[in-house]
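Participant: Please find the sequence and the predicted model below.
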Amino acid sequence: MGEFTMPSLGADMDEGTLVEWLVEPGAPIRRGDPVAVVETAKSTIEVECFESGTMGRPLVEPGTTVPVGTPLALIETAAGTRGKAGRARKPRKEPQGPPAPERTRPAEPAEPVRILEPVASEAPGHGHVEAGPLIRHLAEEGGVDLAALRGSGPGGRVTRTDIERAAAAAPTARTPTARASRARVTPLARRRAAELGVDLSSVAGTGKDAAIRAEDVSRAASGHAGAPSPPPRTTAAVRASRPSEDQAPAMRRAIARLMSRANRDVPHYYLSTTVDMAVPMDWLHDRNRRSPMSERLLPAALLLKAAALAAHEVPELNGFWTDDRFTAGEGVHLGMAVSLRGGGLIAPVLRGADTLEVPALMSALKDLVSRARTGRLRGSEVSGATLTVTNLGDQGVETVFGVVHPPQVALVGFGRVVDRPWAVDGLLGVRPVVTVTLSADHRATDGAVGARYLTAVDRLLQNPEKL
């Protein structure tokens, strides 16, 4: 047995609210599958499981706020081992010590898991059908009527093979009601649909594999004429439907705590340089003229790629200050500061940014920003950043000096690309330029290292075809 716990989704997160379970007890889950929706002070985030197995008994009900590390559910792991199924990725490495001597102890009986026991249900004409929660889940997904199915397992028990055979033999054309019974629906979505009087067959799912989520039901209910008046909703339901209104004060408090700590504990130093953007802008305009609209690039893509490659060259700024020492990051994972429409900001992570081609980086950036502003991020996308980048050029800002996001040791800022008088080879002209700034932790590096980083950004931007 394993435990799925409330993860730490940032240095400023002490607790979280379980909003919704995305899988039912008995459902199979794989490593990386989102299993729950958690609300933090900044956003509503899908949290993944880090082990494969079967969803067991939930320990926390939706709407409950619990501290980081609290077990939320039990997971029956594939190997039957006990461990943390939902855990935060920590940015630092623990020191390796000598292995502890192995202890032997008497074997303990396996803990019974009631949720996995087979359930008998009445089946007209067949007496009863033996089928556990997993089989019932597969039957629901495949649109198979268990009551009309004769099991081939011991004692007439229905097996996975029986479900797959029945699903394959079923007609391909189904009514809307049949499609609704086959569609994946989260437990909270079913309860919400019953509360709001929404027909699930008319709801389009936006979750994984088109699963219907609670927010899909709420969205359908908003335009559902003649629906009965719903009973009072839970706090979690209200927060899920209006994250920007209800989370704004909490978000500001979370930002205030983190930034106050950063200014108090992190000795900042600040550097800036102005980069001639004539060459990269000419390259960008030429490429965009030859590309379809959907594949055109923005200057931000070049700036981000240059920032990531420079961090690869100057790893002293790409990592974390923990336990009074610096630990280099494993890969360059850029935290992108994104302003939210309801106020505040969040920094989703662009993983392996230095390894992405510029078009792929541009696509990933657009996707992250879009999902950050609609509350569709996953837990792995809001933690583990090794360096944060803020770009306020689209807001008209020419220079931005940010605050380091601990335990990171640096933050890069980009302003707006503007035309300025500029001398080249002794001749004065008007050139597009951008101001690049660096805020860094003086405990980890000195100004010479920061200068080396900004010089690398400038050099990389002068060769855009190599980015």
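Facilitator: It's in. All of these numbers come straight from a predicted model, not from anything done at the bench. Numbering: from 1, shown residues only.

Participant: all strands of the stretch 251-400 of the chain, in order?
Facilitator: Secondary structure of the stretch 251-400 of the chain (DSSP state E, counting those that start in this stretch): strands at 268-276, 319-322, 325-328, 334-336, 338-339, 345-346, 349-350, 377-378, 387-391.

Participant: Need these in TSV (columns: distance to residue 74 and mean neighbour count).
Facilitator: Where C-beta positions appear, they are placed from N, C-alpha and C, glycine not excepted. Formatted as TSV, these follow (distance: least, CB to CB, whole Å; neighbours: other CB atoms under 10 Å):
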stretch	distance to residue 74	mean neighbour count
strand 268-276	45	16
strand 319-322	31	20
strand 325-328	33	15
strand 334-336	32	25
strand 338-339	35	18
strand 345-346	30	20
strand 349-350	29	21
strand 377-378	22	19
strand 387-391	36	24
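
Participant: In CSV: the ones you listed, plus distance to residue 459.
Facilitator: Output for those, formatted as CSV (distance: least, CB to CB, whole Å):
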stretch, distance to residue 459
strand 268-276, 10
strand 319-322, 22
strand 325-328, 22
strand 334-336, 19
strand 338-339, 28
strand 345-346, 30
strand 349-350, 22
strand 377-378, 33
strand 387-391, 18
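
Participant: Go ahead and confirm residue 62 touches residue 38.
Facilitator: No: between residue 62 and residue 38 there is no contact under CB atoms under 8 Å: 10.4 Å.

Participant: Spit out the residues that contact these two alike.
Facilitator: Common contacts of residue 62 and residue 38 (CB atoms under 8 Å, 6 or more residues apart in numbering): 18, 19.

Participant: With mean pLDDT and distance to residue 198 as extra columns, can I get the strands of the stretch 251-400 of the chain in TSV?
Facilitator: As requested, these are exported to TSV (pLDDT from 0 to 100; distance: least, CB to CB, whole Å):
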stretch	mean pLDDT	distance to residue 198
strand 268-276	98	51
strand 319-322	96	46
strand 325-328	96	50
strand 334-336	96	35
strand 338-339	90	31
strand 345-346	88	30
strand 349-350	96	35
strand 377-378	86	26
strand 387-391	96	40
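
Participant: Nearest to residue 168, out of these?
Facilitator: strand 377-378 (32.7 Å; CB to CB).

Participant: which neighbours does that closest one have in its sheet, and in what orientation?
Facilitator: If you go by DSSP bridges, strand 377-378 pairs up with strand 44-48 (parallel).

Participant: how far out from the middle of the chain is the partner strand?
Facilitator: How far strand 44-48 lies from its chain's middle: 6 Å, per CA atoms, centre = their mean, to the nearest Å.

Participant: Domain parsing of this protein, as residue ranges.
Facilitator: Using automatic domain parsing, the domain ranges for the chain come out as 2-86, 260-466.

Participant: Adding distance to residue 165, write those domains out as a markdown table.
Facilitator: Below are those laid out as a markdown table (distance: least, CB to CB, whole Å):
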| stretch | distance to residue 165 |
| --- | --- |
| domain 2-86 | 19 |
| domain 260-466 | 35 |
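
Participant: can you tell which of those is closest to residue 188?
Facilitator: Nearest of these (CB to CB): domain 2-86, 4.1 Å.

Participant: what's around the residue nearest to residue 70 when sequence neighbours are not counted, how many residues?
Facilitator: Closest residue in space to residue 70, ignoring its immediate chain neighbours: residue 6 at 4.7 Å, by CB to CB, 6 or more residues apart in numbering. Residue 6 sits with 26 neighbouring residues when counted by other CB atoms under 10 Å.

Participant: so residue 6 touches residue 67, yeah?
Facilitator: Yes: Residue 6 lies in contact with residue 67 (CB under 8 Å); the separation is 6.9 Å.

Participant: Against residue 330, how distant is residue 359?
Facilitator: Remark: distance between residue 359 and residue 330 (CB to CB, to the nearest Å) = 25 Å.

Participant: Repeat that for residue 465.
Facilitator: 29 Å.

Participant: Mind checking which of these two has more residues around it?
Facilitator: residue 330 (12 against 9).

Participant: Show the model's pLDDT score for that one.
Facilitator: For residue 330, the pLDDT comes out at 93.

Participant: most centrally placed residue in the protein?
Facilitator: residue 378 (1.8 Å; CA atoms, centre = their mean).

Participant: Verify the stated contact: residue 278 with residue 431.
Facilitator: Yes: in this structure residue 278 lies within contact range of residue 431 using CB under 8 Å: 4.8 Å.

Participant: To residue 447, which of the strands of the stretch 251-400 of the chain lies closest?
Facilitator: Residue 447 sits nearest to strand 268-276 of all the strands of the stretch 251-400 of the chain, at 5.9 Å, using CB to CB.

Participant: Surely residue 358 touches residue 299?
Facilitator: No: contact between residue 358 and residue 299 fails when scored by CB under 8 Å: they sit 11.0 Å apart.

Participant: helices and strands around the helix or strand where residue 220 lies, which ones?
Facilitator: Element membership for residue 220 (DSSP states H and E) is helix 214-222. Judged by 3 or more CB pairs under 8 Å, 6 or more residues apart in numbering; DSSP states H and E, helix 214-222 is in contact with helix 187-196, helix 235-241.

Participant: Mean pLDDT lowest where, among those?
Facilitator: Among the helices and strands packed on helix 214-222, helix 235-241 scores lowest, with a mean of 38.

Participant: From residue 152, how far off is residue 161?
Facilitator: From residue 161 over to residue 152 (counting by CB to CB), the distance is 7 Å.

Participant: cool, residue 263 as well?
Facilitator: For residue 263 relative to residue 152 (CB to CB), the value is 68 Å.

Participant: Ok, residue 29 next?
Facilitator: 26 Å.

Participant: again, but for residue 333
Facilitator: Distance from residue 333 to residue 152, by CB to CB: 49 Å.

Participant: more crowded one of those two?
Facilitator: Neighbours were counted for residue 333 and for residue 152 using other CB under 10 Å; residue 333 has more, 22 against 12.

Participant: tell me the phi and psi of that one?
Facilitator: With angles defined as degrees, to the nearest 10, residue 333 sits at phi -120, psi 110.

Participant: Check whether it really touches residue 351, as I assumed.
Facilitator: Yes: with contacts counted by CB under 8 Å, residue 333 reaches residue 351, the gap being 4.9 Å.

Participant: Could you name every residue contacting both of the two?
Facilitator: Shared contacts of residue 333 and residue 351, counting by CB under 8 Å, 6+ apart, come down to residue 384.

Participant: Tell me which strands the longest strand belonging to the chain pairs with, and in which orientation.
Facilitator: When the chain is parsed with DSSP state E, its longest strand is strand 427-441. Applying DSSP bridges to the sheet, strand 427-441 is found paired with strand 268-276 (antiparallel), strand 410-414 (antiparallel), strand 418-424 (antiparallel).

Participant: could I get those strands as JSON lines with distance to residue 50?
Facilitator: Formatted as JSON lines, the strands paired with strand 427-441 follow (distance: least, CB to CB, whole Å):
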{"stretch": "strand 268-276", "distance to residue 50": "34"}
{"stretch": "strand 410-414", "distance to residue 50": "28"}
{"stretch": "strand 418-424", "distance to residue 50": "45"}
